[in-house]
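1. I'll drop the sequence and a predicted model, then ask my questions.
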Amino acid sequence: MSLLISGPGFEPFESASQCKDHPALKVGTQLNAVVDPTDGLYAIVP
């Protein structure tokens, strides 16, 4: 899936991630993530 990651404290960036197909993952779905703004590493969290 292609992600646009944005939030306070860092410039928005795009990333691609592989995941299993899931009916909840649709265009426009918003997911929560924790981002390290110094290197752009992120983790999708519940």
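-> Here it is on my side, so go on. Owing to the predicted nature of the structure, the values given are computational and were not obtained by experimental measurement.
2. ok, residue 31 touching residue 44?
-> Yes. Between residue 31 and residue 44 there is a contact at 5.2 Å, judged by Cβ atoms under 8 Å. Just so you know, the C-beta spots here come from the backbone N, C-alpha and C atoms, and that holds for glycine as well.
3. low pLDDT regions in the protein?
-> Judged against pLDDT under 70, the chain has no low-scoring part.
4. those strands in the chain, which residues are they?
-> In the chain, strands defined by DSSP state E lie at 2-7, 10-16, 32-36, 41-45, listed in chain order.
5. so for residue 26, which of those strands sits nearest?
-> Using Cβ to Cβ as the measure, strand 2-7 is the one of the strands of the chain that comes nearest residue 26, at 12.8 Å.
6. give me the sheet partners of that closest one and which way each runs.
-> Partners of strand 2-7 in the sheet, by DSSP bridges, are strand 10-16 (antiparallel).
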